[in-house]
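Participant: Give me a model of this one.
(2 chains)
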Number of protein chains: 2
Amino acid sequence: MTQLKITEVALRDGSHAMSHQYTVEQVRNITKGLNAARVPYIEVAHGDGLGGSTIQYGLSKTDELKLIEAAVEEADFSKIAVLLLPGIGTIQDLKEAHRIGAKMVRVATHVTEADVAKQHLETAKNLGMETVGFLMMSHMAPVDKLVEQAKLMESYGADTVYAVDSAGAMLPYEVSEKIKALRDALTVNIGYHAHNNLGLAIGNTLAAIEHGATRIDGSVRALGAGAGNAQTEVLVAVLEKMEVETGIDLYKMMDLAEEVVAPIMQTTQEITKDSLTLGYAGVYSSFRLHAERAAKKFNIDSRDILIELGKREIVGGQEDMIVDVAAELAQKNQVTV
Amino acid sequence: MTQLKITEVALRDGSHAMSHQYTVEQVRNITKGLNAARVPYIEVAHGDGLGGSTIQYGLSKTDELKLIEAAVEEADFSKIAVLLLPGIGTIQDLKEAHRIGAKMVRVATHVTEADVAKQHLETAKNLGMETVGFLMMSHMAPVDKLVEQAKLMESYGADTVYAVDSAGAMLPYEVSEKIKALRDALTVNIGYHAHNNLGLAIGNTLAAIEHGATRIDGSVRALGAGAGNAQTEVLVAVLEKMEVETGIDLYKMMDLAEEVVAPIMQTTQEITKDSLTLGYAGVYSSFRLHAERAAKKFNIDSRDILIELGKREIVGGQEDMIVDVAAELAQKNQVTV
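Facilitator: Numbers count the residues shown, from 1 in each chain, chains lettered A, B, ... in the order given. Okay, here's the model as predicted:
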């Protein structure tokens, strides 16, 4: 088996949970600990990637380039990665991140929109960066669609293609089926990124590894969006019990989680009513507030709206349909508006 | 498939996490919610079962019989269950719990000591109660030993035999193997009780169900010892997605977790350094303080002691061996004492 390589995402996915308020000092301290524990890759960026600091996606306290620079300075073993969502981040942002020392870029698109990653992956490749195609909301695509899009990523030069369970909505049998199909169809590395909204981040990650994923995301103390990611130190412990080599020092990861990360978290990671609802419905977290407003207007339960949106596979940009769905549900319930 | 039946344990296993400080009012409110959500069984007792309120195991704020009585009064659908560890609880405690309305007893022993449950299970059977043999620390026994002990429980009249992952130390393949072996060897119901110390409470529970377990434990908001149990409302959501019928109202469970249980918890459930260490080592939580004291004395890491105790399968009652193990490890490390 290829050596399993873990990417730590607390300094990027965790940016959501920190309301994008990371300071240079925090990033330095966490990077120092991750580097000492010999984590292969550390992703550093706004939660929505390079250029994400906007009114729409949340303003960062600190310019992400300063955070990336600080991480690069602290890491003499770990490689610093960045995330880029085409449309939010630009080729210019990518070049800038590369200039200040980012060694890997993960170009993220909705699972059906791999084609928008072409130019960014090719540019990264030309810059000599390691490249990842990051297929978000992978639970929304049937296996053949996922494979088709992954092959596009591969054709654009991705060294690794990830199935990303952005909403924490996948079940182990589904992970097994999808990762196996990707493993069979592609020649590049297969990766898996979990969220814990259904309590399955570790269980699903094990299923992914069993079926051929060799690149895995984790976040120390589960510091990530929603109910958090696969908790890195827990994953390392489980893999040690299974005698799967990660190269990561378990005790150092545990101490980092307890002594450096836990004290700065704005809230502890639990599976709450909101995060469970998003995982159960399989929708974007940004739909929640829209659904709550619509639920109030039509006097129905916002969970019914979110579940219906999930069934209809509504994606970002279609938020105006939320009110229509709410109206339909209210009519079905024979509630007088 | 036999109908899956969930036992809610937050009012018993959660008693540990509440430092045994449950009030009658809290038990009433939670029972009311669980009953409305149509949870089949609700276990109510001190964390260490009937008679557990002692200086050794922690004194309860409220007499457990008063808590059981309150739960019985509030539950017109759910059946109230009690836990009994022979040696801590007595036949007299069992009769008293039955008299005030407990319908099911779970007689718990270490996985290799089922024989001490004989008298209690037979008495419960004669009283007309539903009976469960509850094999704690099931990760410590190889499959054939577990099956042997489970058969003893069956022969004493247990209607259900549980594999109990007390330390949250089991991995999915191990759960699959053990539950399958129990299912093949026994004619009674098979149950599974998870802890989340390795982040696998939900994943392991799905593996157990897949291999034949039809009785499952959960705790609302994961309120239980260590890193908590399989979070009931999360489990119900996952099972609904899998179209496995539990009879439980998902929204009511979610609302109960968020509005009634979360606000009274002393701390949120996370996987901390301590709970992860216990799951990784596979030892009793009561060993932790002993190990920390010994670690200080011999200037070694308490985690090394706990992991060594796990390897040697030290059980409760053998705490005096902890210092010996620490001394040996220190010598190996060539540390001057």
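
Participant: mind listing the helices for chain A?
Facilitator: Secondary structure of chain A (DSSP state H): helices at A:13-17, A:24-36, A:64-74, A:91-99, A:118-127, A:143-155, A:172-185, A:201-210, A:232-241, A:250-256, A:273-281, A:287-298, A:302-311, A:321-332.

Participant: so of the ones you listed, which one's packed in deepest?
Facilitator: Highest mean neighbour count of the helices of chain A: helix A:201-210, a mean of 27 (counted as mean count of other C-beta atoms under 10 Å in any protein chain shown). Where you see a C-beta, it was placed from the backbone N, CA and C, and this is true even at glycine.

Participant: Show me how far that one is from its chain's centre.
Facilitator: Distance, stretch centre to chain centre, for helix A:201-210: 15 Å (C-alpha atoms, centre = their mean, to the nearest Å).

Participant: Stretch A:175-194 now?
Facilitator: In terms of C-alpha atoms, centre = their mean, the centre of stretch A:175-194 is set 16 Å apart from its chain centre.

Participant: re earlier: for chain B, which of the helices of chain A is the nearest?
Facilitator: Closest to chain B of those, according to C-beta to the nearest C-beta: helix A:201-210, at 2.3 Å.

Participant: Using CSV, write out every CA atom in that closest one.
Facilitator: Backbone C-alpha positions of helix A:201-210 (Å, rounded to 0.1, in the frame of the first residue of the first chain) are rendered in CSV as follows:
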residue,chain,number,x,y,z
ALA,A,201,-16.1,11.2,10.2
ILE,A,202,-13.7,8.5,11.5
GLY,A,203,-15.9,5.5,10.4
ASN,A,204,-16.2,6.9,6.9
THR,A,205,-12.5,7.7,6.7
LEU,A,206,-11.6,4.1,7.6
ALA,A,207,-14.0,2.9,4.9
ALA,A,208,-12.2,5.2,2.4
ILE,A,209,-8.8,3.9,3.4
GLU,A,210,-10.0,0.3,3.2
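
Participant: Tell me the helices and strands packed up against that helix.
Facilitator: Packing partners of helix A:201-210 (3 or more C-beta pairs under 8 Å, 6 or more residues apart in numbering or on different chains; DSSP states H and E): helix A:172-185, strand A:189-193, strand A:215-218, helix A:232-241, helix B:201-210.

Participant: Make a markdown table out of the ones you listed and add mean pLDDT.
Facilitator: Converted to a markdown table, these look like this (pLDDT from 0 to 100):
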| stretch | mean pLDDT |
| --- | --- |
| helix A:172-185 | 98 |
| strand A:189-193 | 98 |
| strand A:215-218 | 98 |
| helix A:232-241 | 98 |
| helix B:201-210 | 98 |
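
Participant: and residue B:20, which of the ones you listed is closest to it?
Facilitator: helix B:201-210 (22.2 Å; C-beta to C-beta).

Participant: Tell me which of the helices of chain A sits nearest to residue B:268.
Facilitator: Using C-beta to C-beta, these put helix A:273-281 closest to residue B:268, at 12.8 Å.

Participant: count of residues packed around the residue lying closest to residue A:202 once chain neighbours are set aside?
Facilitator: Closest residue in space to residue A:202, ignoring its immediate chain neighbours: residue B:199 at 3.6 Å, by C-beta to C-beta, 6 or more residues apart in numbering or on different chains. Residue B:199: 29 surrounding residues under other C-beta atoms under 10 Å in any protein chain shown.

Participant: what residue ranges in chain A score low on pLDDT?
Facilitator: The model of chain A has pLDDT under 70 over residues A:1-2, A:334-337.

Participant: In the stretch 51-200 of chain A, what residue comes closest to chain B?
Facilitator: residue A:199 (3.6 Å).
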